[in-house]
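A.B. asks: Okay, sequence plus prediction incoming.
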Amino acid sequence: MLSYFLIILVGMVAGILGAIIGVGGAVVMLPATQFLLNLSTVDSIGTTLFAVMFTALSGAWGHYRQGNVNVSWGLRVGLGGLLGVVLGSYLFKEYLSTQEHVLTLMLAVLFAFLTIRMAKDTWQDIRNHDRIQTQVIPKAPLWTMPIVGLAVGCLTGILGMGGGFLIVPAMMWLYGAPHYLAVGTTLMSIFPITAVGAFTKLSQGFVVLPIALLLGLGTLVGVQLGVPVTRFIKPAVFKGIFTLLFIMLTISYLASSLA
């Protein structure tokens with residue numbers, strides 16, 4: 001019973017984080033399923049991806065009701081991501097599912113990247129907290145959005161991450177979206193990507209379904225708690241905490257890959 005509660009709680013934390021800073025919650029659920037629930041790397045990736053599908057769906061709907069979604073942009077990224085996630089899932093099944101040390105090393109590199117990006121974002125939030133935020137004029141043409149989706153979808157199929165940590169900054173830096181719109185649109189775009197990836201992983205036998213469903217239940221609650229405050233909350237505190245967490249996870253995954 002306690003383990004069930006723990007799984008739901010992990011999902012809730014992931015959902016709240018996803019709603020506020022625009023990630024699918026995999027950065028919380030993937031290490032939690034490994035280090036707290038003792039799943040293998042392969043099963044953690046598949047189970048996490050299945051749960052992220054719920055985060056994306058719930059978050060996208062919640063943000064859509066708040067007016068935080070650019071549907072056209074979300075469809076552009078999402079359609080590109082469908083091809084990417086099919087490709088990534090094939091590579092995962094055929095070449096990486098039996099190479100756990102390679103997957104663990106890839107996760108170490110990924111969390112190192114997340115550490116750098118989150119630390120940079122935290123510092124910028126602290127520096128700019130008293131400044132008036134203006135919308136940036138889009139610099140990149142919109143036809144590049146499916147390319148962003150393709151890259152993110154491939155990563156999703158391989159490592160089980162929804163890709164929000166890449167799409168949110170792309171929406172802001174490349175296309176000029178304000179933070180709340182970037183978050184909502186990202187969650188919409190990653191839903192089809194994660195849905196295809198999740199059921200592909202399920203068919204391949206890499207999903208522990210009871211855990212995935214409990215995580216998904218937790219994210220449904222967490223996302224709805226996080227969505228209403230997205231326009232008002234200052235995410236610097238969350239980002240600072242997760243910078244420290246990502247440092248620890250980078251070290252843990254790197255040590256495991258070299259063991």
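C.D. replies: Sure, I can see it. Numbers count the residues shown, from 1 in each chain.
A.B. asks: Please identify which helix or strand holds Phe50.
C.D. replies: For Phe50, the host element (DSSP states H and E) is helix 41-65.
A.B. asks: quick one: buried residues of that helix?
C.D. replies: 41-64 (16 or more other Cβ atoms under 10 Å). (C-beta placed from N, C-alpha, C; glycine too.)
A.B. asks: ok, Ser40 to Leu213 distance?
C.D. replies: From Ser40 over to Leu213 the distance is 19 Å, taken as Cβ to Cβ, to the nearest Å.
A.B. asks: which residues touch Val13?
C.D. replies: Contact analysis of Val13 by Cβ atoms under 8 Å, 6 or more residues apart in numbering lists Gly25, Val28, Gly218, Gly222.
A.B. asks: So which of the residues you listed is the closest to Leu79?
C.D. replies: Gly25 (22.7 Å; Cβ to Cβ).
A.B. asks: wait, isn't the closest one in contact with Gly11?
C.D. replies: Yes: with contact defined as Cβ atoms under 8 Å, Gly25 reaches Gly11; the gap is 7.4 Å.
A.B. asks: Between the two, which is the more surrounded one?
C.D. replies: Ranked by neighbour count (other Cβ atoms under 10 Å), Gly25 and Gly11 place Gly25 first, with 34 against 30.
A.B. asks: Disregarding flanking residues, what is the spatial nearest neighbour of the more buried one?
C.D. replies: Once flanking residues are discounted, Gly25 sits nearest to Ala14: 2.9 Å by Cβ to Cβ, 6 or more residues apart in numbering.
A.B. asks: Secondary structure element holding the one you found?
C.D. replies: Assigned by DSSP H and E, Ala14 falls in helix 2-21.
A.B. asks: next helix or strand past that helix?
C.D. replies: Immediately after helix 2-21, counting by DSSP H and E, sits helix 26-35.
A.B. asks: where are the low-confidence patches of the stretch 1-150 of the chain?
C.D. replies: 1-2, 21-24, 129-138 (pLDDT under 70).
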